[in-house]
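Asks: predicted coordinates and the sequence they were generated for:
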Amino acid sequence: MPDAASRLTALAEELLGEPLPVRIRAWDGSESGPPGAPVLVIRHRRALRRLIWKPGELGLARAWVAGEIDVDGDLYEVLDRLAALLWERGADAKDSVHPVRDPRVRAFARGLLQVAGPWPPPAPPVEEVRRRAGPLHTRRRDKEAISHHYDVGNDFYELVLGPSMVYSCAYWEENGTLEDAQRDKLDLVSRKLGLKEGDRLLDVGCGWGSMAIHAAREYGALVTGVTLSAEQAAYARKRIAEEGLTDRIEIRVQDYRDVRDGPYDAISSIGMAEHVGTVRFREYADHLYALLRPGGRLLNHQIARRPEKDESAYHIDAFIDAYVFPDGELAPVGRTVATLEEAGFEARDVEAIREHYALTLRRWVTNLERHWDAAVRATSPGRARVWRLYMAASALSFERNRIGVNQILAVRPEEGGPARMPLRVRDWRATEG
């Protein structure tokens with residue numbers, strides 16, 4: 001009987017119709033595949049049972065999180081090779097390996113059954129989100145989704161994000177550090193918003209307080225930050241106290257829909273709108289518009305996806321939905337701009353910075369790998385594996401233009417049309433001195 005690695009390689013190549021671009025090392029010590037290629041390690045045949053019960057991405061993700069599959073070599077190279085094989089062979093390639101009626105799939109499943117061992121399906125890893133039934137994006141469900149992602153432990157995020165504690169795309173210059181790039185991003189946002197002494201700034205999804213601190217300390221703004229994460233709020237308040245800025249910054253555990261104390265001079269929403277969801281995005285735009293004074297500015301910093309030929313076919317990525325951002329949704333940047341303008345905003349500038357996010361994610365992955373043992377102690381082996389996979393895969397997605405990220409600057413025009421914007425809107429790029 002062939003060894004496990006040879007059998008699995010043969011099954012995969014028969015299913016895919018072409019050579020497997022990675023080597024396979026199986027639990028029995030056998031190895032098969034192209035010499036010199038990066039190695040996909042299958043530590044336990046339980047991983048195959050996960051794939052049988054949940055074919056495709058979710059089954060593979062469960063096996064990865066459980067530590068039943070791993071990579072020996074460059075994780076980016078393995079992901080890049082598998083992505084090119086499974087997801088980028090044409091418009092229908094991703095779905096062609098899944099239909100139950102396809103004889104190749106049926107043969108593959110029969111072969112896996114012979115290798116997979118005892119039948120009962122493994123329970124999902126404890127890191128997988130347990131969701132309540134009901135409609136998306138209610139206040140209670142959104143709070144639970146945010147808690148799943150952000151209440152992982154501040155110690156863990158310190159290891160991954162570094163001293164800046166900013167969990168969104170940085171703004172890079174050649175040979176800069178992560179901390180420099182995050183500071184430059186916060187400053188870019190502040191300048192786009194035209195912040196000045198005494199301005200009221202609402203920071204929606206304020207995270208660990210970095211934007212609020214920068215705006216108050218460097219520009220004299222009076223900042224209200226809102227988050228649904230109690231752990232983030234506690235951490236932000238501690239930082240603010242240490243900076244001596246408690247008279248300028250208030251951090252609330254509050255849904256943005258419950259903020260009623262406008263008008264504000266400016267609103268920053270950095271990496272938060274992805275949580276809002278399609279069904280709520282117009283409500284989000286309407287509410288932020290109502291909170292701004294006439295002439296006030298909104299900076300919406302948001303990940304975007306490529307448009308679908310059939311937008312009704314869009315679905316949330318199974319791994320991201322189950323382990324990273326439950327209920328998160330991405331929209332094309334054009335749809336986001338249109339919705340903001342439908343709410344009454346005037347879009348004044350859109351800056352695409354997707355390459356910057358690829359650089360940011362690679363630095364976060366490096367931080368995580370450098371501090372792996374401490375990160376595992378701060379959360380769990382499975383959670384650390386979730387973050388390593390999601391950040392590395394996301395970096396490749398930004399590099400390949402499967403997703404992007406954009407800063408949309410919008411204004412609430414004054415009555416009669418004035419927007420009080422500079423004639424040369426990119427003047428914020430200049431720095432004093």
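Replies: Good, I have the coordinates. Keep in mind the model is a prediction, meaning the values are calculated, not measured.
Asks: C-alpha only now, for contacts and for neighbours.
Replies: Fine.
Asks: could you give the number of residues near R81?
Replies: 15 (other CA atoms under 10 Å).
Asks: and for it, nearest residue in space, chain neighbours not counted?
Replies: Excluding its sequence neighbours, the residue lying closest to R81 (CA to CA, 6 or more residues apart in numbering) is P21, at 6.4 Å.
Asks: what kind of secondary structure is the one you found in?
Replies: coil (DSSP: H, G, I helix; E, B strand; the rest coil).
Asks: give the contact list for it.
Replies: Residues in contact with P21 (CA atoms under 8 Å, 6 or more residues apart in numbering) are 33-34, 37, 81-82.
Asks: state the distance from it to T360.
Replies: According to CA to CA, to the nearest Å, P21 stands 28 Å off from T360.
Asks: just to be sure, L112 is in a strand?
Replies: No - according to three-state DSSP, L112 belongs to no strand; its state is helix.
Asks: you'd agree it is up against I52?
Replies: Yes - contact criterion CA atoms under 8 Å: L112 and I52 qualify, at 7.4 Å.
Asks: please name the nearest non-neighbouring residue to A47.
Replies: A63 (5.0 Å).
Asks: just for the stretch 201-350 of the chain, where's the confidence low?
Replies: Across the stretch 201-350 of the chain, not a single residue meets the criterion (pLDDT under 70).
Asks: quick one, helices of it?
Replies: In the stretch 201-350 of the chain, the helices defined using DSSP state H, counting those that start in this stretch lie at 210-219, 230-243, 281-291, 318-319, 333-342.
Asks: how far off centre is the shortest one?
Replies: Helix 318-319 has its average C-alpha position 12 Å from the chain's average C-alpha position, going by CA atoms, centre = their mean, to the nearest Å.
Asks: got it, and the second one?
Replies: Here the centre of helix 230-243 is set off from its chain's centre by 23 Å, with CA atoms, centre = their mean.
Asks: next: the last one.
Replies: Centre-to-centre, helix 333-342 and its host chain are 21 Å apart (CA atoms, centre = their mean).
Asks: could you do stretch 386-403 as well?
Replies: Using CA atoms, centre = their mean, the offset of stretch 386-403 from its chain centre is 9 Å.
Asks: who's in contact with it?
Replies: With CA under 8 Å, 6+ apart, stretch 386-403 has contacts from 64-65, 75-76, 79-80, 303-306, 320, 323-324, 354-355, 357-359, 361-362, 364-365, 368-369, 404.
Asks: put the buried members of these into a PyMOL selection.
Replies: In PyMOL, selecting the buried portion of those, with burial taken from 16 or more other CA atoms under 10 Å, looks like this:
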select buried, resi 64+65+75+76+79+80+303+304+305+320+323+324+354+355+357+358+359+361+362+364+365+368+369+404
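Asks: which ones among the contacts of stretch 386-403 map onto strands?
Replies: 303-305, 404 (DSSP state E).
Asks: quick one: end-to-end length of stretch 398-405, please.
Replies: 8 Å.
Asks: show me what counts as buried in it.
Replies: Result for stretch 398-405 [16+ other CA under 10 Å]: buried residues 398-399, 403-405.
Asks: list of residues touching stretch 202-215?
Replies: Here stretch 202-215 has contacts from 164-167, 186-187, 190, 195, 221, 223-229, 232-233, 235-237, 239-240, 243, 245, 249, 251, 256, 264, 266-272, using CA under 8 Å, 6+ apart.
Asks: same question for stretch 59-68.
Replies: 42-47, 50-53, 69-70, 124-125, 127, 319, 382-383, 385-386.
Asks: re the thing from before, any chance of the helices of the stretch 201-350 of the chain in JSON lines, plus distance to D3?
Replies: Converted to JSON lines, these look like this (distance: least, CA to CA, whole Å):
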{"stretch": "helix 210-219", "distance to D3": "54"}
{"stretch": "helix 230-243", "distance to D3": "49"}
{"stretch": "helix 281-291", "distance to D3": "53"}
{"stretch": "helix 318-319", "distance to D3": "30"}
{"stretch": "helix 333-342", "distance to D3": "49"}
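Asks: out of those helices, deepest packed?
Replies: For those, average neighbour numbers computed from mean count of other CA atoms under 10 Å are highest in helix 210-219, which has a mean of 22.
Asks: how far off centre is it?
Replies: That offset, for helix 210-219, works out to 24 Å (CA atoms, centre = their mean).
Asks: just the CA atoms of that helix, as CSV, please.
Replies: Backbone C-alpha positions of helix 210-219 (Å, rounded to 0.1, in the frame of the first residue of the first chain) are rendered in CSV as follows:
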residue,chain,number,x,y,z
SER,A,210,-3.9,56.0,19.5
MET,A,211,-5.8,58.3,17.2
ALA,A,212,-7.4,60.1,20.1
ILE,A,213,-4.1,60.7,21.8
HIS,A,214,-2.4,61.9,18.6
ALA,A,215,-5.2,64.3,17.8
ALA,A,216,-5.3,65.7,21.3
ARG,A,217,-1.6,65.9,21.9
GLU,A,218,-0.4,67.2,18.5
TYR,A,219,-3.4,69.3,17.4
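Asks: tell me the angle that helix makes with helix 230-243.
Replies: Relative orientation of helix 210-219 and helix 230-243, computed by axes from the mean of the first three to the mean of the last three CA atoms, to 10 degrees: 20 degrees.
Asks: can you give me the neighbour number for H44?
Replies: H44, neighbours per other CA under 10 Å, totals 17.
Asks: strands along the stretch 101-250 of the chain, start to end?
Replies: For the stretch 101-250 of the chain, applying DSSP state E, counting those that start in this stretch gives strands covering 200-204, 222-227, 249-253.
Asks: perfect, that will be all.
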